[in-house]
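Q: Provided below for reference: sequence and predicted model.
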Amino acid sequence: AQTVTQSQPEMSVQEAETVTLSCTYDTSESDYYLFWYKQPPSRQMILVIRQEAYKQQNATENRFSVNFQKAAKSFSLKISDSQLGDAAMYFCAYIRGTYKYIFGTGTRLKVLA
Amino acid sequence: EAQVTQNPRYLITVTGKKLTVTCSQNMNHEYMSWYRQDPGLGLRQIYYSMNVEVTDKGDVPEGYKVSRKEKRNFPLILESPSPNQTSLYFCASAPLREGNQPQHFGDGTRLSIL
């Protein structure tokens, strides 16, 4: 069965600094998709970034980028120039074909002024 | 505005009293899904639907029912709610185009079962 593991329940970063949130997953499939979602205190689920497993190139969205290591089954999220508005719960998610999404348990990010 | 709408946003009720949480999307998405979010457990999929009259179980379907009679609506039914179903619930939708598309989420429903 597929699993998604976020080993850091909570992390802190100074404003303007860089932080990396880790995510590992377990699958025997070769074709799948990975996502990072952000959940601020308003509890909305907001898509941050997505990665197709068949693409070698790491996805980037402005200050957000991923380090996708397919062989290691690792999908970390890097946030550069952290801002107070980045404070939220971040969820890593995996999906393959059948639309059964598997989410990690989340990492709460605190941004310190 | 493209959105997924859940109602109610908050509900406090008692054990055994049937309740329905509605979910509606205006994006003509084929795929819809329900999740529950619990501290330390992340989001877990309850049920999902690939299209009208097509539903399937997620990872935690026990105690829940769903129906998909219309493309835009996907209600979640708790026939006999119990305290262990106290949770934050999310509905989501996505198009079934080539390549997996990210889901659009509703704003969540906080259920408390006493």
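A: Arrived safely, thanks for sending.
Q: Help me confirm that A:Lys100 comes into contact with B:Tyr48.
A: Yes - between A:Lys100 and B:Tyr48 there is a contact under Cβ atoms under 8 Å: 7.0 Å. Where C-beta positions appear, they are placed from N, C-alpha and C, glycine not excepted.
Q: More neighbours: which of those two?
A: B:Tyr48 (25 against 16; other Cβ atoms under 10 Å in any protein chain shown).
Q: still on that earlier bit, so for A:Lys100 and B:Tyr48, which residues contact both of them?
A: Taking Cβ atoms under 8 Å, 6 or more residues apart in numbering or on different chains as the criterion, A:Lys100 and B:Tyr48 both touch B:Gly58.
Q: Apart from its chain neighbours, what residue comes closest to the most centrally placed residue in chain B?
A: By Cα atoms, centre = their mean, chain B has its centre lying nearest to B:Trp34, at 2.8 Å. Leaving aside its chain neighbours, B:Trp34 sits nearest to B:Ile46 (4.3 Å; criterion: Cβ to Cβ, 6 or more residues apart in numbering or on different chains).
Q: mind checking the SS state of the one you found?
A: Three-state call for B:Ile46 (DSSP: H, G, I helix; E, B strand; the rest coil): strand.
Q: That one and B:Thr55 touch, don't they?
A: No - in terms of Cβ under 8 Å, B:Ile46 does not count as a neighbour of B:Thr55; the distance is 10.6 Å.
Q: tell me what the helix or strand in which A:Val48 is found is packed against?
A: Following DSSP states H and E, the helix or strand that holds A:Val48 is strand A:46-52. Helices and strands touching strand A:46-52, by 3 or more Cβ pairs under 8 Å, 6 or more residues apart in numbering or on different chains; DSSP states H and E, are strand A:33-39, strand A:60-61, strand A:64-69, strand A:74-79.
Q: How about the contacts made by the residue nearest to B:Trp34?
A: B:Ile46 neighbours (Cβ under 8 Å, 6+ apart): B:Ser33, B:Trp34, B:Tyr35, B:Arg36, B:Gly58, B:Asp59, B:Val60, B:Pro61, B:Tyr64, B:Val66, B:Leu76, B:Tyr89.
Q: and chain A, which residues reach chain B?
A: When proximity is defined by Cβ under 8 Å from any Cβ of the partner chain, chain A lies next to chain B at A:4, A:6, A:9, A:33, A:35, A:42-45, A:47, A:50, A:52, A:91, A:93, A:95, A:97, A:99-106.
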